[in-house]
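Novice: coordinates only, no sequence provided:
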Ligand SMILES: NC(=O)c1ccc[n+]([C@@H]2O[C@H](COP(=O)([O-])OP(=O)(O)OC[C@H]3O[C@@H](n4cnc5c(N)ncnc54)[C@H](O)[C@@H]3O)[C@@H](O)[C@H]2O)c1
Ligand SMILES: O=C(O)C(=O)C[C@@H](O)[C@H](O)[C@H](O)COP(=O)(O)O
């Protein structure tokens, strides 16, 4: 079955046909325009068809033709302005995206688009006061287009060739579209240079941007700040303490004070740049300032790319435990720029593999195969020589797959009522270890030990065999991750596991495997199994 390389949607006058043709030419692919195909099929011009049969009939023909083409045409396919408003077309586009397709929303400057739309003439939807009609349609269609497309390309000031090149770059990037109940859809873009989309993702509403980052990623924050200033924003550069020391109420309070003093309003925005601790804190500030402002994450560690920056869990630690205060608040976009990994130390890269392996264990067994096949190279990761090597593509695929697992769990359960809890595999013990180690143990390392613990518990409960427990140990240690911990008492661990967010009342709740790629809840397991599994990870 063929499918288009890209489908272009946008308002009348956005340049869908012109830019679409350019893209097709650059890529040596065929180009199709739905409006031209319709005219060919019905044997008359669209305005005449509208006059004779009316819009509903036109939409039926249009939708049928688009649905056919989405599974039979392998070029660049441009749709008519109103096409994505038809529910059947929306469903077909969603299926196309689910199959890896790229629906590109060409976002032209409204004045330029109106001018072009008027110039062309012959548009039945613009009869009467054309500009007023265009604006009205824009108001109706823009939110739908944003929802329907998984690639948003701003073209203001670009020539058709420039816009075509931008679309090609964005279509060739890896991206995971996060959508679902209670989520304003957004993309996680993965690739070298994706940070360049920062201004596009923030949009033109914010005047001020709080760029929140740690000192350790200064090289990347300098780049972000330059991009933001070029984009015309006033940038407040906010440096926070490194790692978990940044995830505190005192740090958040300091930032709230700055935002207040610097006149941040509800239409201003936050950019979180750094490891997971920085993006958790930045998201928390964005969620709480004026009860919520737009934010974009630029994760710079592997762990932040695959996990922390996506999904909308934001938060801080308290003396009582990890991530106990926070909110579910989704970003407007995530830019996982592979260039950031060039400065990432080896041990912090390896830590990130803990959450990657977790996603393999709970859902995508292909992740485990990739980890197995490349364990030695991954373990030897060296950021300074990494870019441009075959390993970069392996890592990009691991990021895309892991984010896809996360997006799946988050899409129907943003607020973690059930399904999302599966992402917490290994975290019940993991968080307890982090706390007892005063956060000197890295999160991904603690989760690795936590997964071995959960596997032992599952085995003791009869869900999995000893081989699968051994496989946890051998895979994780081949990547350089720890599989045991022996620096605290069972009673302390148990007390902390009772404070885990999955616990209910006095009952412990765990996430355990019943086979590779499949997880279940384990509620209130017998006390002796909980203790015995702990004994087994201390050896
Ligand atoms: N919100 C979520 O869903 C979620 C998911 C997973 C983890 N987390 C949180 O994320 C945190 C762990 O994230 P982490 O592992 O990234 O730790 P981290 O944020 O502490 O970063 C680790 C260290 O690496 C440095 N660093 C990051 N990127 C770098 C780069 N490119 N070059 C040089 N140094 C760099 C950081 O400054 C820090 O010193 C924990 O607080 C965890 O609770 C949140
Ligand atoms: O997104 C989720 O949901 C997760 O559980 C992902 C975890 O990998 C992540 O470590 C998260 O921060 C844990 O959240 P918490 O609610 O257990 O604090």
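Specialist: Thanks, I have the structure now. Just so it is clear, the structure is predicted and the values come from calculations on it, not from any experiment. Ligands and ions are numbered 1, 2, ... in the order given.
Novice: residue 533 contacts residue 450, correct?
Specialist: No. Here residue 533 lies out of contact with residue 450, judged by C-beta atoms under 8 Å, at a distance of 10.7 Å. No exception for glycine: its C-beta is placed from N, CA and C like everyone else's.
Novice: between those two, which one's more packed in?
Specialist: Using other C-beta atoms under 10 Å as the criterion, residue 533 and residue 450 rank with residue 450 on top: 27 against 24.
Novice: next SSE after the one helix or strand that one maps to?
Specialist: Under the criterion of DSSP states H and E, residue 450 resides in helix 443-460. Per DSSP H and E, helix 443-460 leads on to helix 466-478 as the next helix or strand towards the C-terminus.
Novice: please tell me how far the residue of the stretch 351-500 of the chain found nearest ligand 2 sits from residue 524.
Specialist: In the stretch 351-500 of the chain, the residue that lies nearest ligand 2 is residue 423 (3.7 Å; C-beta to the nearest ligand atom). According to C-beta to C-beta, to the nearest Å, residue 423 and residue 524 sit 21 Å apart.
Novice: try residue 318
Specialist: For residue 318 relative to residue 524 (C-beta to C-beta), the value is 26 Å.
Novice: repeat that for residue 328.
Specialist: Going from residue 328 to residue 524 by C-beta to C-beta gives 26 Å.
Novice: residue 339 too?
Specialist: As judged by C-beta to C-beta, residue 339 and residue 524 stand 47 Å apart.
Novice: quick one, grab the pLDDT at residue 182.
Specialist: Note for residue 182: predicted pLDDT of 88.
Novice: which SS state does the residue lying closest to it once chain neighbours are set aside fall under?
Specialist: Leaving out its chain neighbours, the residue that sits closest to residue 182 by C-beta to C-beta, 6 or more residues apart in numbering is residue 414, at 4.9 Å. Here residue 414 is recorded as coil under DSSP: H, G, I helix; E, B strand; the rest coil.
Novice: from what I see, residue 414 and residue 407 are in contact.
Specialist: No. Look at residue 414 against residue 407 with C-beta under 8 Å: they stay out of range, at 11.1 Å.
Novice: for the residue of the stretch 51-200 of the chain found nearest ligand 2, give me its contacts.
Specialist: Nearest residue of the stretch 51-200 of the chain to ligand 2: residue 178, at 11.6 Å (C-beta to the nearest ligand atom). Contact analysis of residue 178 by C-beta atoms under 8 Å, 6 or more residues apart in numbering lists 185, 186, 187, 188, 310, 311, 330, 407, 410, 411.
Novice: cool, and residue 285?
Specialist: 210, 212, 252, 255, 256, 259, 270.
Novice: quick one, phi psi at it?
Specialist: Dihedral angles of residue 285 (phi, psi; degrees, to the nearest 10) stand at phi -60, psi -40.
Novice: for it, which non-adjacent residue is closest in space?
Specialist: residue 255 is the one closest to residue 285 (C-beta to C-beta, 6+ apart), at 5.0 Å.
Novice: quick one: pLDDT of the one you found?
Specialist: pLDDT for residue 255: 98.
Novice: backbone dihedrals for it, both of them.
Specialist: phi -70, psi -40.
Novice: got it, and residue 485?
Specialist: phi -150, psi 140.
Novice: tell me which residues touch the nearest residue to it once chain neighbours are set aside, please.
Specialist: In space, residue 485 comes closest to residue 449 once its chain neighbours are excluded; the distance is 4.7 Å by C-beta to C-beta, 6+ apart. By C-beta under 8 Å, 6+ apart, residue 449 lies in contact with 426, 429, 430, 433, 482, 483, 484, 485, 537.
Novice: isn't residue 463 right next to residue 512, touching?
Specialist: Yes. Counting by C-beta under 8 Å, residue 512 is a contact partner of residue 463 at 6.2 Å.
Novice: give the buried residues for the longest helix along the chain.
Specialist: What stands out as the longest helix in the chain, according to DSSP state H, is helix 390-411. Neighbour counts over helix 390-411 (16 or more other C-beta atoms under 10 Å) mark 391, 394-396, 398-411 as buried.
Novice: next one: stretch 177-186
Specialist: Neighbour-count burial for stretch 177-186 [16+ other C-beta under 10 Å]: 177, 178, 179, 183, 185, 186.
Novice: ok, now stretch 111-122?
Specialist: 112, 113, 114, 116, 117.
Novice: before we move on, what about stretch 234-252?
Specialist: Across stretch 234-252, burial judged by 16+ other C-beta under 10 Å covers 235, 236, 238, 240, 241, 243, 244, 246, 247, 248, 251, 252.
Novice: need the per-residue pLDDT for the residue lying closest to residue 394 once chain neighbours are set aside.
Specialist: Computed as C-beta to C-beta, 6+ apart, the closest residue to residue 394 that is not its neighbour in sequence is residue 374, at 5.3 Å. What the model reports for residue 374 is a pLDDT of 98.
Novice: rewinding a little: let me know the closest of the buried residues of stretch 234-252 to ligand 2.
Specialist: Relative to ligand 2, the closest of those is residue 247; by C-beta to the nearest ligand atom it sits at 10.5 Å.
Novice: pretty sure that closest one contacts residue 317?
Specialist: Yes. The pair residue 247 and residue 317 passes the contact test of C-beta under 8 Å, sitting 5.0 Å apart.
Novice: any weak-confidence spans in the stretch 1-150 of the chain?
Specialist: Across the stretch 1-150 of the chain, the ranges flagged by pLDDT under 70 are 120-122, 124, 126.
Novice: quick one, strands of it?
Specialist: Under the criterion DSSP state E, counting those that start in this stretch, the stretch 1-150 of the chain contains strands at 6-10, 31-33, 76-78, 103-107.
Novice: tell me which of the ones you listed is the most buried.
Specialist: Counting by mean count of other C-beta atoms under 10 Å, strand 76-78 has the highest mean neighbour count of the strands of the stretch 1-150 of the chain, with a mean of 29.
Novice: I'd like to know which elements it is packed against.
Specialist: Where contact means 3 or more C-beta pairs under 8 Å, 6 or more residues apart in numbering; DSSP states H and E, strand 76-78 is packed against strand 6-10, helix 16-27, strand 31-33.
Novice: just checking: what are the partner strands of that strand?
Specialist: strand 6-10 (parallel), strand 31-33 (parallel) (DSSP bridges).
Novice: give me the distance from that strand to the chain's centre.
Specialist: Offset of strand 76-78 from its chain centre (C-alpha atoms, centre = their mean, to the nearest Å): 25 Å.
Novice: let's number from 33 now, not from 1
Specialist: Taking 33 as the first residue, the last one we looked at is strand 108-110.
Novice: which residues touch it?
Specialist: For strand 108-110, the surrounding residues in contact (C-beta under 8 Å, 6+ apart) are 36-40, 48-49, 52-53, 55-56, 59, 61-66, 101-102.
Novice: and residue 118, how far from residue 36?
Specialist: As judged by C-beta to C-beta, residue 118 and residue 36 stand 18 Å apart.
Novice: these two - which one has more neighbours?
Specialist: Set residue 118 next to residue 36 and count neighbours by other C-beta under 10 Å: residue 36 wins out with 24 against 19.
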